[in-house]
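Engineer: Need coordinates for the following:
(one chain, ligands or ions: 1)
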Amino acid sequence: MKPSETTNNNSKVEEVWMGAFPICLYQGFWCPPNLLQPTILFQTQFKAYDNDIILASLPKTGTTWLKSLIFAIVNRNKFLDFTQHPLQTQNAHELVLQLEAKVYNNITNGSTQPDFPKLPSPRLFATHIPYFSLPKSLKTSKTRIVYVCRNPLDTFVSSWHFYHQFKLNMKPELDHSMIEQHFGKFCEGKFLYGPYEDHVLGYSKESIQNPDKVLFMEYEGLIEDPKAHVKKLAEFVGYPFSMEEEKGNIIDEIIKLCSFDSLKEMEVNKSGNFYGYFENKALFRKGGTGDWTNYLTLSMVKKFDEIFQLKFKGSGFSFNHYQFFSGTPK
Ligand code: A3P
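Structural biologist: The predicted structure is shown next:
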């Protein structure tokens, strides 16, 4: 599909990421054109089970980390020896499948029902689709949704590295004019599954109105106090730690197993790829908070701040673990 073509879903296709690949506006969010059909199938065909657990996130906000944690928490009694844990041999994206990018993207022979892998119960899935565009059955069932958000500036910088790494095979720090151009698009909301603000606000609003349905987590909070967050996560997904477990080491062991250094060093994550075109190692760049100060100038940040404040004004939303724009840009 070419830029400015219109799909039969009335979605506008427009080139972003410096022409590296296009994204199209569908139901108010920016979707990769090749995932439009699978997205529509997911929206219209998915039948949620009450005990499904869904991770929702924008790309580059800690999806891999949360997939690993949820998988390890839910399956902790099945895999007692962490040296033989499935995370040691399978990337988290193979263990917790993205509904629109993997499950509904694998449909062949004109069938509209995916051949769901024989997943054990509870089924663990993930999605990048904004809350307002989720399938009805997911919203009306008792399915629990975990949402992770991350400081927008770190999210942007992480995406900058990620997309350039796999698509253009270049070092992002080499050309600052490109990062400005790219950041301009981000400020306009042109970001995969964005606008960023709409995505965050959609899930945040639902988590306030319906706290049993959506758990809203911040990447920065997990970094700051992993134990408290992992306990909360386990309770929310229906697998709370018992008193005995709390007294033992299991929470710390899960945190350690899923830590950045641990996942990055696993053989499976040093080689191989997922979905056929992303290298596993690209998922573990640097981790942590505040890398945006190394890439964004004060004027870039001010521009975003104006837009951000405007969009979030009156929404009641504020980050708990991230002081907006604390830090010194380069
Ligand atoms: P950076 O690019 O800032 O390093 P996603 O999984 O949604 O694609 O997000 C990727 C970001 O999460 C990358 O950020 C990556 O390094 C970071 N990340 C991956 N695993 C992590 C972990 N276990 N703990 C903390 N951060 C992690």
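Engineer: Residues of the stretch 201-330 of the chain that sit close to the ligand?
Structural biologist: Counting by C-beta under 6 Å from any ligand atom, the stretch 201-330 of the chain comes close to the ligand at 258-260, 263, 283-287, 291. Heads up, the C-betas are built off the backbone N, CA and C, glycines and all.
Engineer: What subset of these is buried?
Structural biologist: Neighbour-count burial within these applies to 258-259, 263, 283-285, 287, 291; the criterion is 16 or more other C-beta atoms under 10 Å.
Engineer: out of these, what pair is the most spread apart?
Structural biologist: Using C-beta to C-beta, the pair of those lying farthest apart is C258 and D291, separated by 20.2 Å.
Engineer: Just put the buried ones among the residues of the stretch 201-330 of the chain next to the ligand in CSV and tack on secondary structure and distance to S133.
Structural biologist: CSV is the format used below for those (DSSP: H, G, I helix; E, B strand; the rest coil; distance: C-beta to C-beta, whole Å):
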residue, secondary structure, distance to S133
C258, coil, 29
S259, coil, 33
L263, helix, 30
L283, helix, 25
F284, coil, 29
R285, coil, 28
G287, coil, 29
D291, helix, 30
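Engineer: Now tabulate the residues you listed in a markdown table and tack on pLDDT.
Structural biologist: Compiled in a markdown table, these are given as follows (pLDDT from 0 to 100):
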| residue | pLDDT |
| --- | --- |
| C258 | 98 |
| S259 | 98 |
| L263 | 97 |
| L283 | 92 |
| F284 | 93 |
| R285 | 93 |
| G287 | 95 |
| D291 | 93 |
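Engineer: Can you tell me which of those residues is nearest Q27?
Structural biologist: L283 (27.3 Å).
Engineer: Give me the nearest residue to that closest one, chain neighbours excluded.
Structural biologist: In this structure, L283 finds its nearest non-sequential neighbour in T64, 4.8 Å apart by C-beta to C-beta, 6 or more residues apart in numbering.
Engineer: OK, contacts around the one you found?
Structural biologist: 91-93, 263, 283-284 (C-beta atoms under 8 Å, 6 or more residues apart in numbering).
Engineer: Remind me which helix or strand it belongs to.
Structural biologist: Following DSSP states H and E, one finds T64 within helix 63-74.
Engineer: Is the ligand within reach of that helix?
Structural biologist: Yes: Helix 63-74 lies within reach of the ligand by C-beta under 6 Å from any ligand atom, at 63-65.
Engineer: And the pLDDT for D198?
Structural biologist: D198 carries a pLDDT value of 95.
Engineer: what about it, distance to L296?
Structural biologist: Applying C-beta to C-beta, to the nearest Å, the value for D198 to L296 is 21 Å.
Engineer: Which one's more surrounded, these two?
Structural biologist: L296 (23 against 16; other C-beta atoms under 10 Å).
Engineer: Check the gap between that one and V157 for me.
Structural biologist: 7 Å.
Engineer: F186 now?
Structural biologist: F186 is 10 Å from V157, by C-beta to C-beta.
Engineer: P59 now?
Structural biologist: With C-beta to C-beta as the criterion, P59 and V157 are 13 Å apart.
Engineer: For these two, work out which one has more neighbours and name it.
Structural biologist: V157 (24 against 15).
Engineer: can you give me the helices for the stretch 101-250 of the chain?
Structural biologist: With DSSP state H, counting those that start in this stretch as the criterion, the stretch 101-250 of the chain has helices at 136-140, 152-163, 176-187, 196-209, 219-224, 226-236, 243-247, 250-257.
Engineer: List the buried residues in the third one.
Structural biologist: Translated: helix 176-187. Buried, per 16+ other C-beta under 10 Å, within helix 176-187: 178-179, 182-183, 185-187.
Engineer: for the protein, what are the low-confidence residue spans?
Structural biologist: For the chain, residues meeting the criterion pLDDT under 70 lie at 1-21, 107-117, 165-177, 322-330.
Engineer: please redo it, this time with the cut-off set to 90
Structural biologist: Residues of the chain meeting the criterion pLDDT under 90: 1-24, 32-34, 80, 102-121, 160-182, 185, 271-280, 282, 298-299, 301-330.
Engineer: So which residues of it form strands?
Structural biologist: 12-16, 21-26, 29-31, 53-57, 97-98, 124-127, 144-149, 214-218, 273-274, 278-279 (DSSP state E).
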